[in-house]
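Trainee: Below is the structure, and that's it, no one-letter string:
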């Protein structure tokens, strides 16, 4: 496994966020950087993280298996994290689940054969008032409908991604002065 | 300056800068007065800053509603270094208000956190943002860099001799890391297992064993506003024992879901009907979850005269929690709602305490079986019993977060469960 110079530099800059005697506090952000570089935390990546942070291998494993955003197998080019928690389900997420599974031809946890999409159902993404919602890689999409889902997925397939909702659209009285 | 009422009955006090074009940059934020209150605070004695916040009646908006000033005053006098942790791990289903502060007014949060750090003489602030909040992270990263460049973060802030650094920390997808000791464990680079307490609260023994104040994003963002209008005026804005306003995330079966700012103690009807536009499809309200998924459900008739503050919601038999109001209309099946709720807690239980680890999964399996038509009559009683055996028997509040809703769903909507089970 080749470790890039930029990954090492990223890790070094993360260590600066913590007092030098608490270097192990950098474990989670360093693991995120490793995951970004390798697509998932492989056994080799685990060992590299343990070495650079200065913690035991079992400690890395403990953190790796505890947090839901770390993964040990790669995902497709676009990782769809689709929320199916209370607010999203009240807004029709269960029907949308059927729609997206049919559209992609995959179920929860699976990746399309062309390696483009991985579908993961997740528990609450903190966008309840803009439900149903999903995150694709690091971008957020709100108020999903079957038509909007089609548009987003077709956009990725065509290499022309649909603009994500950034920042969160203002709704409610906090949005009125902005004319939204 | 007091809160500006707006046409539909809400107020713009904390949220007054949300949505202004180009407003997240420090230059425009400072033109609108950002960091003026920090200047005022650092000219005071730290203990007077704490006293002012205490007098304002500001309570935690993260869920527990504990007095913020009181929490700050628990820091032991002789222990250094000290830390402030900003809890931006918003992850209780229904709650989605803090992200608006992070995305639209990052300098308001930074100013509030710095005032808190000055009050407790902390040397470092960690802002712990949940892993899925990618965009809020980018905005905060930018805001911190700008404030550092202006000398508002770092050595000898505003010439006072006090130094404080601010750093971002990330969660990685675990609800329990929003619990203050779970958050601290996670920040230290471990799995976020909540710590046993009492006797030790983070204010005395927190991050790396040092005194640590953990406050929610919204709570800290109120601090500059309190300095602006004074403690007395702030206390006068809400209802008794509930100072100021609050951001209410309204979701579920309403026509206009969104985040609304309202004075504490505002009638629920104002939020639900005047602002929220009423129930979808002109259906009737069946039930209401007033404070995030962990709160007891209220039947429609139980919330007719409900006021939105900590005491009133508690008197109605539930809790205001993180002020996440979720409306349930008559078309929603409560057993189905139980499934969605139980799936969350079974997924998020950290596994440290047996009643929660085993019980959450048990509740999920039982309700799944009931919904699939394979339930037995005694399963409904078992649901209640299992929940009751988790309640109060765990280190942190996740246990009761699944026990309370389960018990209240089963008790108040028993007939819906019974209709699904065989003899």
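Mentor: All right, it came through fine. Since the model is a prediction, treat every value here as computed from it, not as a measurement.
Trainee: Show me where chain A has its helices.
Mentor: For chain A, the helices defined by DSSP state H occupy A:5-15, A:27-38, A:43-53, A:57-66, A:86-90, A:93-104, A:146-157.
Trainee: can you pull the buried residues of the last one?
Mentor: Buried residues in helix A:146-157, defined by neighbour count with 16 or more other C-beta atoms under 10 Å in any protein chain shown: A:149, A:152-153, A:156. Where you see a C-beta, it was placed from the backbone N, CA and C, and this is true even at glycine.
Trainee: for it, packing partners?
Mentor: Applying 3 or more C-beta pairs under 8 Å, 6 or more residues apart in numbering or on different chains; DSSP states H and E, we find helix A:146-157 packed against helix A:93-104.
Trainee: The helix it packs on vs helix A:146-157, what angle?
Mentor: Here the directions of helix A:93-104 and helix A:146-157 differ by 40 degrees (axes from the mean of the first three to the mean of the last three C-alpha atoms, to 10 degrees).
Trainee: Can you check what pLDDT the model gives the residue nearest the centre of chain A?
Mentor: Nearest residue to the geometric centre of chain A (C-alpha atoms, centre = their mean): residue A:137, 4.9 Å. Note for residue A:137: predicted pLDDT of 95.
Trainee: How about the contacts made by it?
Mentor: Contacts for residue A:137 (C-beta atoms under 8 Å, 6 or more residues apart in numbering or on different chains) come out as A:78-79.
Trainee: ok, for the residue nearest to the spatial centre of chain B, nearest residue in space, not its chain neighbours?
Mentor: In chain B, the residue lying closest to the centroid (C-alpha atoms, centre = their mean) is residue B:62, at 2.3 Å. Distance criterion C-beta to C-beta, 6 or more residues apart in numbering or on different chains; nearest residue to residue B:62, sequence neighbours excluded, is residue B:216 at 3.1 Å.
Trainee: Could I get the contacting residues of that neighbour?
Mentor: Taking C-beta under 8 Å, 6+ apart as the test, what residue B:216 contacts is B:60-63, B:86-87, B:98.
Trainee: switch to 10 Å and redo it
Mentor: By C-beta atoms under 10 Å, 6 or more residues apart in numbering or on different chains, the contact set of residue B:216 is B:60-64, B:68, B:86-90, B:97-98, B:101, B:178, B:180, B:222, B:322.
Trainee: Take those and keep only those in helices.
Mentor: Those of those lying in helices (DSSP H): B:68, B:98, B:101, B:180, B:222.
Trainee: Nearest spatial neighbour of residue A:108, chain-adjacent residues omitted?
Mentor: Excluding the flanking residues, the one nearest residue A:108 by C-beta to C-beta, 6+ apart is residue A:121, at 4.9 Å.
Trainee: In contact with the one you found, which residues?
Mentor: Per C-beta under 10 Å, 6+ apart, neighbours of residue A:121: A:80-85, A:93, A:97, A:100, A:107-109, A:134, B:343, B:347.
Trainee: Can you select the buried ones among those residues for me in ChimeraX?
Mentor: ChimeraX command restricting the contacts of residue A:121 to the buried ones, with burial defined by 16+ other C-beta under 10 Å:
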select /A:80,81,82,83,84,85,93,97,100,134 /B:343,347
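Trainee: Relative to chain B, how far out is residue A:106?
Mentor: 20 Å (C-beta to the nearest C-beta, to the nearest Å).
Trainee: rewinding a little: most tightly surrounded among the helices of chain A?
Mentor: Mean neighbours per residue, mean count of other C-beta atoms under 10 Å in any protein chain shown, is largest over the helices of chain A for helix A:86-90, with a mean of 29.
Trainee: who does it touch, helix- and strand-wise?
Mentor: Other helices and strands packing on helix A:86-90, by 3 or more C-beta pairs under 10 Å, 6 or more residues apart in numbering or on different chains; DSSP states H and E, are helix A:93-104, strand B:245-252, strand B:324-329, helix B:334-348.
Trainee: now the last one, how far from the centre of its chain.
Mentor: I take that to be helix B:334-348. Distance, stretch centre to chain centre, for helix B:334-348: 20 Å (C-alpha atoms, centre = their mean, to the nearest Å).
Trainee: now for the next helix or strand after it, which elements pack on it?
Mentor: Sequence-wise, the next helix or strand downstream of helix B:334-348 (DSSP states H and E) is helix B:354-371. Judged by 3+ C-beta pairs under 10 Å, 6+ apart, helix B:354-371 is in contact with helix B:334-348, helix B:377-390, helix B:398-412, helix B:414-418.
Trainee: ok, back up a step: just put the helices of chain A in TSV and tack on distance to residue B:296 and mean pLDDT.
Mentor: Shown next, in TSV, are these (distance: least, C-beta to C-beta, whole Å; pLDDT from 0 to 100):
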stretch	distance to residue B:296	mean pLDDT
helix A:5-15	42	97
helix A:27-38	34	97
helix A:43-53	43	97
helix A:57-66	29	97
helix A:86-90	15	97
helix A:93-104	24	97
helix A:146-157	35	97
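Trainee: So for residue B:188, which of those helices sits nearest?
Mentor: Minimum separation from residue B:188 across the helices of chain A (C-beta to C-beta) falls at helix A:27-38, 8.8 Å.
Trainee: So the closest one, near chain B or not?
Mentor: Yes. Applying C-beta under 10 Å from any C-beta of the partner chain, one finds helix A:27-38 touching chain B at A:27-32, A:35.
Trainee: Looking at those residues, spot the one nearest residue B:304.
Mentor: Nearest member of these to residue B:304, counting by C-beta to C-beta, is residue A:28, at 46.0 Å.
Trainee: can you pull the contacts of residue 82?
Mentor: Went with chain A since none was named. A:88, A:93, A:96-97, A:100-101, A:108, A:119-122, A:125, A:132-136, A:141, A:144, A:149.
Trainee: I was after chain B.
Mentor: With C-beta under 10 Å, 6+ apart, residue B:82 has these contacts: B:75-76, B:117, B:120-124, B:203, B:206-207, B:210-213.
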